[in-house]
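**Q** Here is my input; please provide its structure:
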Amino acid sequence: HIPMKPEGSPFRRQVWQILASIPWGQTMTYGQIAAMLGKPKASQAVGNAVGHNPISILIPCHRVLGADKSMTGYAGGIDKKQWLLKHECIL
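**A** This next block holds a predicted model:
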């Protein structure tokens, strides 16, 4: 376990904490994360927080998918997101 303390708003830090807890080989949707935070209508805000993940190599934002399980934006590019998900046998 690597101690991490990324800087961001309390909401962003909560989102990043959830991202860090998504197990290898599993995914979540933005809506599921919003619901976990008690803000079921905050999917876009979750997406914004995911997009501002300062250490995506350690906080696995590639495991977050759209509501219909579609590939959505990824700072490293959708091709990298697909590669990472295939590597984890998710795709």
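**Q** which residues of this structure fall in helices?
**A** Per DSSP state H, the chain has helices spanning 10-21, 30-36, 43-51, 78-87. These are given in chain order.
**Q** now those as TSV including distance to residue 63, mean pLDDT and mean neighbour count?
**A** Any C-beta I mention is one placed from the backbone N, CA and C, and that applies to glycine too. Putting the helices of the chain into TSV (distance: least, CB to CB, whole Å; pLDDT from 0 to 100; neighbours: other CB atoms under 10 Å) gives the following:
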stretch	distance to residue 63	mean pLDDT	mean neighbour count
helix 10-21	7	96	17
helix 30-36	10	97	19
helix 43-51	10	95	19
helix 78-87	8	93	14
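**Q** of those helices, which approaches residue 66 most closely?
**A** helix 30-36 (7.0 Å; CB to CB).
**Q** who does that closest one touch, helix- and strand-wise?
**A** Using 3 or more CB pairs under 8 Å, 6 or more residues apart in numbering; DSSP states H and E, the elements in contact with helix 30-36 are helix 10-21, helix 43-51.
**Q** Adding distance to residue 82 as columns, could you present the ones you listed in CSV?
**A** Below are those laid out as CSV (distance: least, CB to CB, whole Å):
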stretch, distance to residue 82
helix 10-21, 18
helix 43-51, 17
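**Q** hang on, the earlier thing: turn the helices of the chain into TSV, including distance to residue 71.
**A** Listed next are the helices of the chain as TSV, based on distance: least, CB to CB, whole Å:
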stretch	distance to residue 71
helix 10-21	16
helix 30-36	13
helix 43-51	13
helix 78-87	5
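**Q** and residue 67, which of those is closest to it?
**A** Nearest to residue 67 among those is helix 30-36; the distance by CB to CB comes to 5.3 Å.
**Q** residue closest to the middle of this structure?
**A** Centroid-nearest residue in the chain: residue 61, 3.2 Å away (criterion: CA atoms, centre = their mean).
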